[in-house]
Structure formats: C-alpha cells, structure tokens
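**Student:** only geometry, no sequence info:
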Ligand code: NAD
Ligand code: TYD
C-alpha cells in the first residue's frame, strides 16, 4: 500500500482521514478525487499541498465518471481506493433522492469496476450504521444483521454495500467495509445537526429539534472514526464488515443540552419542530469486532460534542462564509415552513 485514492476527500470525514494518513505514513501518497458538491470544500484541504508537497494531490472529478477514475489510477499508480464520496444528508435525500442513487450507488459501482479492471486493487467502502435501519428494543446491530434501510440515503448506501460484497464474491476483489456511527468534529458542513445547532446558537437563532428529541444516536469524534478506518484498511479481514462507533448512545435532546452548556447558552433556544419523515428512532451498533482489532475511541460522545462545539467557536473563518451562501436557500426550504410543536 503506497498510493491511495481517497474519493470525497474534500468533505467532512474524508478531509480528516486524508490529514491522518499524510501525518501517519510518511511513505504514502494520497490522491483526492472530489466533485466539489456543496459539501466538498477546497478550504478543508488548503494547507496540504504546501505541507506535504507531491505526497498529496487533488483532482476535481466525479466518481460516476469511469474514464476519469481509470485515468487517475493510471497517472498516480493507485493501489488502494478508499471511498468516502457520497451524498450524505438524509434531509436532502428526502427532498431529492436522485443524486443519492447516482453517486452512492452508480458511483460505487463505477469505482468497483475501475478497481477490478485496474488489477483487483484493494478497496475500502465507507458505510454507515443507517443501513441497519431503526433498531428496536435494546438490540445492538451486528455486522451480519440484515440491512433494513428506511431513507433514500440509507437505501443507497445499503445498495452500495451489496455491490462491494458482490464484487468480492464474484471477482475476488479485496474489499472491506466499515459502518460508522454519527460523526462530529472539525469541518462538518453546518447543515448536519451538531454544527447547525452550534452555529445557529452563536448567531442567536433557535435550534430546531425534530419531534420530541428522544431519538437515540451514537455521536463519535471524527478522528476516532478515521483511526478505525485506518485499522480496518491495514488489519481488517478481506471480505469483512466492521462497525465503528463508541457503542454508547444518547438522545438528541441530551446532545443539545451538552452543546448549549458548553456554549453557556440557555435551553430556551430549543424549539421542537415537526419531525423528519420516516425518522429512524434509534441507531445502536455492537462495536466489539473493531475493538478486537485493538481500536478504542479516545472521546466519549460527551467529550466529542464539547470538542466539536469548541472547534466551531474557534473557527468562524470556516463556517461563516458557508452560512451566508447556498446554505440560506437550503435552510429556508427545510425549516422555513416547518411547524413549531413545542
Ligand atoms: P460530506 O457530505 O461532508 O462529504 C461528501 C464528499 O463527497 C464531498 O466532498 C462531496 O463533494 C463529495 N462527492 C459527492 N458526490 C461526489 C461524486 N459524485 N464524485 C466525487 N465526489 C463526490 O460527507 P461525510 O459526512 O464526510 O461522509 C463521508 C462518507 O462517510 C459518506 O460515504 C457517508 O455515507 C459516510 N458516513 C458518514 C457519517 C456521518 O456521520 N457524517 C457516518 C457514517 C458514514
Ligand atoms: P443528522 O446529522 O442529519 O444525522 P442522521 O439523521 O443521519 O443520524 O441528524 C442527527 C440527528 O439529529 C437525527 O436524529 C435528526 C436530528 N436532527 C434534528 O433534530 N434537527 C435538525 O435540524 C437536524 C439536521 C437533525
């Protein structure tokens, strides 16, 4: 492993992963390919060319474009693909599912084809706990549980996981899949819940909690997730799936209360608004398999929330220009006519 192609590397988790790989492995070259959608930001990677010289390269391109992918593989002698590129926001998938099917399903298929034709390159797929769907009772999803996706986003990610598995079985492609719980931390586009709420609160706006706020999520720090991905890439068993999360869940309301406490702001900023359609009530994964490889998270969910809040407080340069752009239109569309219920 020497020349790694990271797709979606200008997005939230991708850019944290690229930083980790460049820092950790001085003999690796990391090539990013990213379409630069609304969520892909060149400023997430802006210091890397100067810091790492030709160990780092950026190519603007679409993972659905097989010729472009083949070209990058040949040009940089790529031996490994890590696929982060995706449309990722459930609320956007409810409004416009089309791009999700294209990028998350067709894009993954296109990368798998390039990996196969390129001589069966090592391939790692970044997946999500959302493919398991809502988890009832006190069950924690195991890697071989049935996928029961319930949103256009999670259905697209589950379809991609099926393709990755099929390429392993059919063509012997050396694949692994990791399924991450909710990530939070630096460089997360501020329409996802934690950065949205921090930046709303700092702007003196209310925090729109969907429904009763009793939905359960496992909020993990993005760098912990990236360390887990790195471990699976290097030590995971080929053909296997690994869940990555803290294994500790909390309600959205508990998350909001920690967030407001860290900001020293009152809970009167909370507004309960009309729920998301088809909202998954609970995600919860069993993470013993990744832990058995020697991984454990450095941050508890509470520490991850507090550290994330501090990053947005300290990095207004990053999010203020975003919030004044296309974001406003999106915000109006999703929240403009949403009923306040409490
Ligand atoms: P993000 O939305 O911040 O970034 C996605 C990146 O993919 C952007 O840079 C975007 O420009 C790029 N992209 C989109 N379509 C593309 C295309 N057709 N070709 C090339 N690039 C394209 O997302 P994220 O939160 O960093 O998520 C990264 C991956 O991790 C996704 O696969 C997502 O499903 C998965 N994941 C995310 C979370 C989470 O909590 N954020 C949890 C588990 C898994
Ligand atoms: P999100 O960051 O969209 O991740 P996901 O739905 O993929 O888990 O949302 C996390 C949780 O926060 C989810 O239960 C929905 C909830 N949420 C709100 O209550 N209000 C909001 O404005 C947003 C964006 C999310």
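**Tutor:** Good, I have the coordinates. Note that the structure is predicted; figures quoted are calculated from it, not measured. Residues are numbered from 1 along each chain as shown. Ligands and ions are numbered 1, 2, ... in the order given.

**Student:** Kindly state the pLDDT recorded for residue 190?
**Tutor:** pLDDT recorded at residue 190 is 98.

**Student:** Please disregard the earlier target; I meant residue 326.
**Tutor:** 89.

**Student:** Show the pLDDT at the nearest residue to it once chain neighbours are set aside.
**Tutor:** Nearest in space to residue 326, with sequence neighbours left out and distances taken as CB to CB, 6 or more residues apart in numbering, is residue 38 at 5.6 Å. (C-beta placed from N, C-alpha, C; glycine too.) Residue 38 is assigned a predicted lDDT (pLDDT) of 97.

**Student:** Would you check that residue 38 makes contact with residue 190?
**Tutor:** No: applying CB atoms under 8 Å, one finds residue 38 not in contact with residue 190, separated by 11.2 Å.

**Student:** Which of these two has more residues huddled nearby?
**Tutor:** residue 190 (20 against 15; other CB atoms under 10 Å).

**Student:** residue contacts, the more buried one?
**Tutor:** Going by CB atoms under 8 Å, 6 or more residues apart in numbering, residue 190 touches 196, 198-199, 312, 319, 322-323, 327.

**Student:** top of the residues you listed by neighbour count?
**Tutor:** Result: residue 198 is most packed of these (other CB under 10 Å), 27 neighbours.

**Student:** so what's the backbone phi/psi at that residue?
**Tutor:** Here is the backbone geometry of residue 198 (degrees, to the nearest 10): phi -60, psi -50.

**Student:** ditto for the one 5 residues further on
**Tutor:** The phi and psi torsions at residue 203 (degrees, to the nearest 10) take the values phi -90, psi 0.

**Student:** Give the closest residue to it in space, chain neighbours not counted.
**Tutor:** Distance criterion CB to CB, 6+ apart; nearest residue to residue 203, sequence neighbours excluded, is residue 323 at 7.5 Å.

**Student:** quick one: that neighbour from ligand 1, how far?
**Tutor:** Residue 323 sits 15 Å away from ligand 1, going by CB to the nearest ligand atom, to the nearest Å.

**Student:** Likewise for residue 288?
**Tutor:** Using CB to the nearest ligand atom, residue 288 is found at 18 Å from ligand 1.

**Student:** Any stretches of the stretch 201-342 of the chain with poor pLDDT?
**Tutor:** For the stretch 201-342 of the chain, applying pLDDT under 70 flags no range at all.

**Student:** That one: helices as residue ranges?
**Tutor:** For the stretch 201-342 of the chain, helices defined by DSSP state H, counting those that start in this stretch occupy the ranges 222-235, 252-263, 288-291, 301-314, 316-323, 326-335.

**Student:** Run the chain-centre distance for the first one.
**Tutor:** Here the centre of helix 222-235 is set off from its chain's centre by 13 Å, with CA atoms, centre = their mean, to the nearest Å.

**Student:** Numbering from 372 from now on, please.
**Tutor:** With the count now opening at 372, the last piece we talked about shows up as helix 593-606.

**Student:** any residue of it up close to ligand 2?
**Tutor:** No: using CB under 6 Å from any ligand atom, helix 593-606 stays clear of ligand 2, with a minimum separation of 12.6 Å.

**Student:** what does that helix rub up against?
**Tutor:** 372, 383-384, 387-388, 391-392, 395, 451, 453, 493, 495, 497, 547, 549, 551-552, 554-557, 559, 613, 615-617, 661, 664-666, 668-670, 675.

**Student:** So which of those reach ligand 1?
**Tutor:** Restricting the contacts of helix 593-606 to those near ligand 1 - CB under 6 Å from any ligand atom - leaves 383-384, 497, 551, 554.

**Student:** Tell me which of these fall in strands.
**Tutor:** Cross-referencing these against strands under DSSP state E gives 497, 551, 554.

**Student:** picking up where we left off before, for ChimeraX, write a command that selects the buried ones of the contacts of helix 593-606.
**Tutor:** Buried residues among those (16 or more other CB atoms under 10 Å), as a ChimeraX selection:
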select :383,384,387,388,391,392,451,453,493,495,497,547,549,551,552,554,555,556,557,559,613,615,616,617,661,666,668,670,675
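
**Student:** just to revisit the earlier point, pull the contacting residues for the residue nearest to residue 697.
**Tutor:** For residue 409, the contact set (CB under 8 Å, 6+ apart) comprises 560, 697, 701.

**Student:** just these now: which is nearest ligand 2?
**Tutor:** residue 560 (9.9 Å; CB to the nearest ligand atom).

**Student:** wait, what's in contact with the closest residue in space to the closest one that isn't next to it in sequence?
**Tutor:** In this structure, residue 560 finds its nearest non-sequential neighbour in residue 410, 4.8 Å apart by CB to CB, 6+ apart. By CB under 8 Å, 6+ apart, residue 410 lies in contact with 382-383, 459-460, 560.

**Student:** do the lengthiest helix in the chain and ligand 2 meet at all?
**Tutor:** Ranked by number of residues, the top helix in the chain under DSSP state H is helix 523-542. No: taking CB under 6 Å from any ligand atom as the criterion, helix 523-542 and ligand 2 are apart, separated by no less than 7.2 Å.
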